[in-house]
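Q: Turn this into a structure:
(chains A and B)
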Amino acid sequence: MLSAVLAWVFGVLALVSGALVFRLDSMARVTFALLASFLFVAGEVLLLGLGYLGAVIILMMVMEMVIMAVFMIMYMMNPAGLMPMAMFHNTRGAAGIAGGVFVASALGILLVDWPRRAGRPPADPTRALGEALMGGQMLTMMTLGLALFATIVATVVLATHRGRYDRFGDDLRADRPADPVPGGVDG
Amino acid sequence: MAEAPLWSVLVLPAVLAVVTAGASAFDAVLEARAAGAAGSRARAVAWPLREAARLLVGQRRVTTAADGLLWRVGVLTVPLAALLAALVLPLGGVAVADPGVGVVWFNAMEILSWAAVWLAGWGPNSALSLVGGYRFVAQGLAYELPHMFALITAATAAGTLRVGGIVEAQSHLWFAAWMPVAFLVYLLSAVAMAFRRPFDAPLGRDLAGGAAGELSGVDRLVLLGGRWLLLVVAVAMSVPLFLGGGQGPLLPSWLWTLVKTAVVLAAVVWLSRRFPTVRMERFAEFAWVVLLPLTVLQALVVSVVVLAW
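A: Numbers count the residues shown, from 1 in each chain, chains lettered A, B, ... in the order given. So this is what the prediction gives:
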């Protein structure tokens, strides 16, 4: 009973804070409205008994949205973000796409012949999740991890302003790196 | 470990309040001694309570074009994050909640402080405050990964994410004894998480108080008190994770938990006064170049030991 009430409350609050993302006029408020929406969704996942997934959603979304706030405010059209702004772009096209996707999804819910539930939820969903990811899908996850890591390294290498040759000289022989702010691990 | 009796919900905040007041009183005594201040020690011990009373009756500062909502939310979230994280903290054999994913819950709640400090810096529409908020995000990126690896190492050795299970797994040997790197990195990141010295650049003097610079009255009390609470909870968690929780001879287990927490907390408070403030970009380099490889190695060693036994 309590969990049914909570599920409705979280669901409504997630939708309301999701809608607020488009109604508010400050980038900071918008970012944290989106974070609130994610946190209410995490509440729903916790109610489903998926403790690990719920906690990880909270963990990842808070980190992600705080870093997102930094970038959103950095790149937005009015720096500092305290001046009013709108989250709308291409309103007519966006309304069309959003309406289309909503209708398609809702139709999908009604029209798909959902399979009946076979089996029961595992005693320990965290373990089941870990075995699903690290058992049968081990190769996929390893490849994915490697690809992601290579992407991160490549992006940093491409984006970095100063490489090791700038820091340690052309033959990499300098004792101390020539850093604009001295005092790192090397020197 | 038994599921929580209802009284633990009431006992937890009371115990935390007492320990927090004690820790800040100890810090005040050290401060008075370092400053060579005349006057009795009792005066220094009572300082946190006097300061709290002073802030309670103080006027709240108002700034121009502040984002009041985000500001208040940020300030309130600091103690709230600490309290929510403390829910899985076992006192003796009893925790308010001992879910199967306790360690992940603890991590998820303490990370709310990222949002909290940034919001507290953003809210007042003041440049120095905002710089303080940004500093904490940068510091967070530095301490969080070594911190997570330290948590994972303890969970790996116990084979469970349940805090109670981690305590039970240390019945023969404390984790601090055979994973000292994870233990030390955990304590370091606990201080960084609570942005206390030497990681207090977000509230630095060079920023005229940084993220707390525009706070006065009850707002200031909530943020600074929440910061102490965050330190207490983070340090207290090192007891079940690495120091065998309430295990020990003679004394009851709740008393052992308190004694261990008090000792570690006193050591952390004393040690953190020995260091000057560390700039977060220097700490970031140290965290990523030194601490992260060390914690990964520690996790590797522990994993191999777990697999071999």
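Q: Please list the residues of chain B that sit near chain A.
A: For chain B, the residues in contact with chain A (CB under 8 Å from any CB of the partner chain) are B:65, B:67, B:69-70, B:73, B:99-101, B:104-105, B:107-109, B:111-112, B:114-115, B:118-119, B:122, B:125, B:134, B:137, B:140-141, B:144, B:161, B:279, B:281-282, B:285-286, B:289-290. (Each C-beta comes from the backbone N, C-alpha and C, glycine too.)
Q: In which helix or strand does B:Gly133 reside?
A: helix B:127-158 (DSSP states H and E).
Q: Could you pull out the buried residues of that helix?
A: For helix B:127-158, the neighbour count (16 or more other CB atoms under 10 Å in any protein chain shown) marks B:128-158 as buried.
Q: Kindly report the residues of chain A close to chain B.
A: So chain A meets chain B at A:26, A:28-29, A:32, A:35, A:51-52, A:55-56, A:58-59, A:62-63, A:65-67, A:69-70, A:82, A:124, A:126, A:181, A:183-185 (CB under 8 Å from any CB).
Q: Please tell me how far B:Val78 sits from A:Val101.
A: According to CB to CB, to the nearest Å, B:Val78 stands 39 Å off from A:Val101.
Q: out of the two, which sits in the busier spot?
A: For B:Val78 versus A:Val101, neighbours defined as other CB atoms under 10 Å in any protein chain shown are more numerous around B:Val78 (29 against 10).
Q: where exactly do the helices run in the chain?
A: Going with chain A. A:2-23, A:27-47, A:51-75, A:91-111, A:125-131, A:138-159, A:164-168 (DSSP state H).
Q: wrong one, chain B
A: Under DSSP H, chain B gives helices at B:7-34, B:41-57, B:68-86, B:102-110, B:112-122, B:127-158, B:163-168, B:175-178, B:180-193, B:217-242, B:253-272, B:280-286, B:292-308.
Q: Quick check: which of the ones you listed is buried the most?
A: Among these, ranked by average contacts under mean count of other CB atoms under 10 Å in any protein chain shown, first place goes to helix B:112-122 (a mean of 29).
Q: ok and it relative to helix B:180-193, angle-wise?
A: 30 degrees (axes from the mean of the first three to the mean of the last three CA atoms, to 10 degrees).
Q: Helix B:112-122 versus helix B:217-242: what angle between them?
A: Here helix B:112-122 points in a direction 160 degrees away from that of helix B:217-242 (the same axes, to 10 degrees).
Q: Low-confidence ranges, the stretch 151-300 of chain B, go.
A: Scanning the stretch 151-300 of chain B for pLDDT under 70 picks out no residues.
Q: Pick out the residue closest to the middle of chain B.
A: Among the residues of chain B, the one closest to the centroid is B:Leu231, at 2.6 Å (CA atoms, centre = their mean).
Q: Contacts only, for that residue.
A: B:Ala23, B:Ala190, B:Val191, B:Ala194, B:Arg196, B:Leu265, B:Val268 (CB atoms under 8 Å, 6 or more residues apart in numbering or on different chains).
Q: State the pLDDT value of B:Gly100.
A: Predicted confidence (pLDDT) at B:Gly100: the value is 86.
Q: gap between B:Val222 and B:Ala25?
A: Counting by CB to CB, the gap from B:Val222 to B:Ala25 is 19 Å.
Q: Which among the residues of chain A next to chain B count as buried?
A: Buried by 16+ other CB under 10 Å: A:26, A:28-29, A:32, A:35, A:51-52, A:55-56, A:58-59, A:62-63, A:65-66, A:69-70, A:82, A:126, A:184, out of those.
Q: excluding its backbone neighbours, what's nearest A:Leu34?
A: A:Val21 (5.1 Å; CB to CB, 6 or more residues apart in numbering or on different chains).
Q: Tell me if I'm right that that neighbour and A:Met27 touch.
A: No - between A:Val21 and A:Met27 there is no contact under CB atoms under 8 Å: 10.5 Å.
Q: Compare the two and say which is more crowded by neighbours.
A: Shown here are A:Val21 and A:Met27; by other CB under 10 Å, A:Met27 has more neighbours (23 against 17).
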